[in-house]
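Asks: build the 3D model from these lines:
(one chain, ligands or ions: 1)
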Amino acid sequence: MEALPSPLESARFIAGRSRDVSVDEEGARKVAESLFDKASEAAFGLSGWKALHELNPRAASEEAVNWVFLVDTLNFSFWSDGAEQKCLVRYKGKAYSGYWALCAAVNRALDDGIPITSASYYATMTLDQVRQVFRSDTEVPMPLLEERHRVLNESGTVLLEKFGGSFLTCVKMSENSAQKLLRLVVENFPSYRDEAVFEKKKVSFYKRAQILVADTWSVLEGKGDGFFGDISSLTIFADYRIPQVLVHLKAMKYSEDLMKKLREGTVFKSGDREEVEIRGCSIWCCTLICKHLLELYEKKGQDMRDQINAVLLDYYLWDYARDHREDMKDVPFHRVRCIYY
Ligand SMILES: Nc1nc2c(c(CN[C@H]3C=C[C@H](O)[C@@H]3O)cn2[C@@H]2O[C@H](COP(=O)(O)O)[C@@H](O)[C@H]2O)c(=O)[nH]1
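Replies: Okay, the predicted model is just below:
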C-alpha cells in the first residue's frame, strides 16, 4: 500500500495553502496560556478517559480492547439533519446523544446478552440486527445504519481472518509503537483509510485510526501492551467538533464566504476543498497549541512531554465542546456524511 504523507505533514501542507480557513498563531498561544494550569491536573491526563466517562470500560482487559475497537470502527457521523429532534439512547436511566449514544447502545446490547464486541458476531450481523442493536429511543435513527452494517461485517471479517478475532493481537504486533499500530490498522481495515487529495497532492487525516490507537492507549492505561513510546507522534483527531471549538476559542478563523456556507447548513462532500482545509488547519492549530504549552512549562524548568500531547489536548477540547454546547451555538460545525469521522 502506498505510504501517504502523515496527518502532521498533511496538516502543515494544507495550512500553508489554505484559502478559507486560517490558524491564528496569537490565538493558539492564548489558548495554550489558558490551559496552563489545567494541563497539570489529573483529569487532563490519561486517567480522565475512565474517570470522566461512565460509559467507557473500567477494565484494562482484552474484552475492553475489543470494546474500543468496535466503538471506534463505528465512531463517525452522529450529527442530526434537523435541530429539533435527534437520536437518543437511554441507558441506566440516562439519555445519551451523539457519540455517547453509540457507546450506550453497545453497553445496552452487552447487558442484553448480545456479544456485540465479538468479531465472530458482528462479522455476520444482519442489517436488521444492526438496526435493533443501535435503535434510537426517539423517532430519529442513528445516521448511516447501512454503512455501519457494511463496516461491521468488513472489519469483523478482517479481524477474524488476520488477527484471530481480537484487536489485542493487532496491538501486540505493533510492539509498543503507535505509528506501527496506526499503519497496521490503515493497511488492514479499509474503512479507516481517511485520505484526500489537496492541490493534486494526497493527504491523510486518519481520524478513526488515530483515535483507535489513542483509546487503546487509554483503556490499557498506558501500560503493558498499551504502552506506546511514540504516543506523542499522534495528532488530534480531525472530526467536526474540534474545528468548532477552535473557532470558538479564536485559535482558528473561517472566511466570510465559508462562514456563510456553514451557517446555511451546507452539506459538503468528503474531500471538498473547504472540508480538507477545516480538518488540516485544525490539526495544525492543535500542533501549535501543544508546542506553546510545552514551551510555557519549559520556561518554568518543567519537561511536560509525558503529560502533554495531542491526544490529551484533543480529549480535553472535545469534552470542552460537549460541555459548552450552549456557548458555542453561534459557531457552526461543518457537515459531511461519511464513515471517516
Ligand atoms: N476529536 C475527537 N472526536 C471525537 C472524540 C469522540 C469520543 N471519544 C472520546 C471521548 C471521550 C472518551 O475519552 C473517548 O475516547 C468522538 N469524536 C467524534 O466527535 C463527533 C461526535 O460528536 P457529538 O456529535 O458531539 O457526539 C464524531 O465525529 C466522532 O467521531 C474525541 O475524543 N475526539
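Asks: now whichever residue of the chain sits closest to the ligand, nearest residue through space, not along the chain?
Replies: When distances are taken as C-beta to the nearest ligand atom, the chain reaches nearest to the ligand at residue 98, 2.1 Å away. For every residue, glycine as well, the C-beta is placed using N, CA and C. In space, and not counting its chain neighbours, residue 98 is closest to residue 78: 4.2 Å by C-beta to C-beta, 6 or more residues apart in numbering.
Asks: that neighbour belongs to a helix, doesn't it?
Replies: No: looking at residue 78 with DSSP: H, G, I helix; E, B strand; the rest coil, it is coil, so not inside a helix.
Asks: wait, what's in contact with it?
Replies: By C-beta atoms under 8 Å, 6 or more residues apart in numbering, the residues touching residue 78 are 87, 97-99, 101-102, 142-143.
Asks: again with residue 288
Replies: If a contact means C-beta under 8 Å, 6+ apart, then residue 288 has 23, 25, 28-29, 32, 251 as its contacts.
Asks: mind running it again at 7 Å?
Replies: Residues counted as contacts of residue 288 (C-beta atoms under 7 Å, 6 or more residues apart in numbering) are 23, 25, 28.
Asks: you'd agree residue 243 is up against residue 282?
Replies: Yes: judged on C-beta atoms under 7 Å, residue 243 makes contact with residue 282 at a distance of 4.6 Å.
Asks: joint contacts of these two?
Replies: Shared contacts of residue 243 and residue 282, defined by C-beta under 7 Å, 6+ apart, comprise residue 252.
Asks: how many neighbours does residue 53 have?
Replies: Neighbour count of residue 53, defined by other C-beta atoms under 10 Å: 14.
Asks: wasn't it part of a strand?
Replies: No: counting by three-state DSSP, residue 53 is not part of a strand but coil.
Asks: separation between it and residue 155?
Replies: Using C-beta to C-beta, to the nearest Å, one gets 23 Å for the distance from residue 53 to residue 155.
Asks: try residue 27
Replies: Taking C-beta to C-beta, one finds residue 27 at 38 Å from residue 155.
Asks: name the residue in the two with the higher neighbour count.
Replies: Neighbour totals were compared for residue 27 and residue 155, and residue 155 leads with 25 against 20 (other C-beta under 10 Å).
Asks: alpha carbons of the helix or strand that contains the more buried one, as CSV, please.
Replies: Assigned by DSSP states H and E, residue 155 falls within helix 145-163. Output in CSV follows, covering the C-alpha atoms of helix 145-163 (Å, rounded to 0.1, in the frame of the first residue of the first chain):
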residue,chain,number,x,y,z
LEU,A,145,-27.0,2.5,9.7
GLU,A,146,-26.5,0.7,6.3
GLU,A,147,-22.9,2.0,6.2
ARG,A,148,-22.4,0.9,9.8
HIS,A,149,-23.6,-2.6,8.9
ARG,A,150,-21.2,-2.8,5.9
VAL,A,151,-18.3,-1.6,8.0
LEU,A,152,-19.1,-4.0,10.9
ASN,A,153,-19.2,-7.0,8.5
GLU,A,154,-15.9,-5.9,6.8
SER,A,155,-14.0,-5.2,10.0
GLY,A,156,-15.2,-8.3,11.8
THR,A,157,-14.2,-10.5,8.8
VAL,A,158,-10.7,-8.9,8.7
LEU,A,159,-10.2,-9.3,12.5
LEU,A,160,-11.2,-13.0,12.3
GLU,A,161,-9.1,-13.7,9.2
LYS,A,162,-5.9,-11.8,10.1
PHE,A,163,-5.9,-11.3,13.8
